[in-house]
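J.: build me a model:
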Amino acid sequence: MSVIALQVFVSLMLVAGSLVLFLFSARQRDFEHADRLALAPLDADTGAVNPTTATTGPETPAAAPAPKLTTTTSPSENAPEE
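T.: Next up is the predicted model:
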């Protein structure tokens, strides 16, 4: 019987401790930190760089032609020759 009383006492202490920690956290307003972090990517950057006027280095040629892709019709063409 004393084990049940001890278990009830420990359980009540855990509940009381969690309530105290919850009230402390609510009073400190810690729960809003996750909301601020979630909305942080939506804030406007103050040091934004305009991509049309930014210089990134030497000029690059306009557009290089895409490499020609070749396809094979049978797997035996890729087999090594003996």
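
J.: neighbours of A38, how many?
T.: Around A38 there are 9 other residues, counting by other C-beta atoms under 10 Å. In this view, the C-beta of every residue, glycine as well, is placed from N, C-alpha and C.

J.: low-confidence regions, this structure specifically.
T.: Applying pLDDT under 70 to the chain flags the ranges 31, 42-65, 71-82.

J.: where do the helices sit along this structure?
T.: Counting by DSSP state H, the chain has helices at residues 2-28, 33-39.

J.: which strands or helices does the shortest one pack on?
T.: It stands for helix 33-39. For helix 33-39, there is no helix or strand it packs on, judged by 3 or more C-beta pairs under 8 Å, 6 or more residues apart in numbering; DSSP states H and E.

J.: can I get it in PDB, CA atoms only?
T.: Included here for helix 33-39 are C-alpha records, laid out as PDB according to Å, rounded to 0.1, in the frame of the first residue of the first chain:
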ATOM      1  CA  HIS A  33       9.600  32.700 -29.900                       C
ATOM      2  CA  ALA A  34       8.600  29.800 -32.300                       C
ATOM      3  CA  ASP A  35       6.100  32.100 -34.000                       C
ATOM      4  CA  ARG A  36       8.700  34.800 -34.500                       C
ATOM      5  CA  LEU A  37      11.100  32.200 -36.000                       C
ATOM      6  CA  ALA A  38       8.500  30.900 -38.300                       C
ATOM      7  CA  LEU A  39       7.700  34.400 -39.700                       C
END
